[in-house]
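**Q** Below is the structure, and that's it, no one-letter string:
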């Protein structure tokens with residue numbers, strides 16, 4: 001039985017100055033970079049043409065633009081907005097240069113990395129919770145589709161594609177490594193993430209949690 005995959009795709013280069021804290025600001029992406037990245041991903045996805053593809057994206061325009069470009073190469077994609085895949089909400093600091101954010105504010109976040117709402121809206125633990133919930137929902141959906149395929153004697157493996165943001169990819173990485181939605185120290189937060197317009201591909205587990 002073929003292993004099902006989860007593709008974690010980061011949106012292309014956003015049209016915003018370097019050094020700006022942008023979080024959930026709805027900024028567009030560089031058109032050429034977006035088209036190039038979507039074409040490159042399509043080439044990889046087409047290597048497994050017998051797989052069905054279910055695409056989730058955050059709904060921010062930088063992910064929607066990527067999905068639209070991808071559909072030009074891979075038609076008939078089933079695409080769903082899942083706002084749980086949005087970047088962390090940095091609240092009042094969004095649109096500000098990181099260098100202009102008061103150091104004591106960053107220090108407060110570092111001291112209480114999991115629970116402090118940097119910018120006043122969302123904590124890292126809240127991001128972890130929504131990302132882990134989105135992941136678990138994908139597993140449950142795949143379990144249900146597997147049961148349906150067996151009942152119809154159909155075998156078409158389904159891959160999941162998330163078109164999302166660096167913070168979400170780091171959050172899922174942390175969750176999969178630690179199996180918990182709680183983080184205490186900034187040093188525990190994964191640093192590596194795909195470049196703009198790049199991706200990583202993970203094997204989904206063969207056994208899924210029971211359906212509720």
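**A** Looks like it came in fine. These figures come from a predicted structure and were not determined experimentally.
**Q** from here on, contacts and neighbour counts on C-alpha atoms
**A** OK.
**Q** List the residues that contact the closest residue to residue 20 other than its chain neighbours.
**A** Distances taken as Cα to Cα, 6 or more residues apart in numbering place residue 97 nearest to residue 20, at 4.3 Å, with adjacent residues excluded. By Cα atoms under 8 Å, 6 or more residues apart in numbering, the contact set of residue 97 is 19-21.
**Q** before we move on, what about residue 21?
**A** 90, 93-98.
**Q** in this protein, which ranges drop under the pLDDT threshold?
**A** For the chain, the stretches with pLDDT under 70 are 1-2, 49, 145-157, 206-212.
**Q** where exactly do the helices run in it?
**A** Secondary structure of the chain, counting by DSSP state H: helices at 31-45, 61-73, 103-111, 124-151, 166-178.
**Q** what's the closest of the ones you listed to residue 6?
**A** helix 124-151 (9.4 Å; Cα to Cα).
**Q** The closest one vs helix 166-178, what angle?
**A** Interaxial angle of helix 124-151 relative to helix 166-178 (axes from the mean of the first three to the mean of the last three Cα atoms, to 10 degrees): 70 degrees.
**Q** list the helices and strands helix 124-151 packs on?
**A** Judged by 3 or more Cα pairs under 8 Å, 6 or more residues apart in numbering; DSSP states H and E, helix 124-151 is in contact with helix 166-178.
**Q** buried residues in the helix it packs on?
**A** 166-175 (16 or more other Cα atoms under 10 Å).
**Q** before we move on, the earlier item: make JSON lines out of the helices of the chain and add distance to residue 200.
**A** Below are the helices of the chain laid out as JSON lines (distance: least, Cα to Cα, whole Å):
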{"stretch": "helix 31-45", "distance to residue 200": "11"}
{"stretch": "helix 61-73", "distance to residue 200": "16"}
{"stretch": "helix 103-111", "distance to residue 200": "28"}
{"stretch": "helix 124-151", "distance to residue 200": "15"}
{"stretch": "helix 166-178", "distance to residue 200": "9"}
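**Q** Quick one, which of those gets closest to residue 12.
**A** helix 31-45 (5.1 Å).
**Q** Count the residues that sit near the nearest residue to residue 33 once chain neighbours are set aside.
**A** Nearest-residue entry for residue 33: residue 12, 6.0 Å, with adjacent residues in sequence omitted and distances by Cα to Cα, 6+ apart. Residue 12: 28 surrounding residues under other Cα atoms under 10 Å.
**Q** and residue 12, what is it in contact with?
**A** Here residue 12 is in contact with 29-30, 33-34, 37, 62, 66, 196-198 (Cα under 8 Å, 6+ apart).
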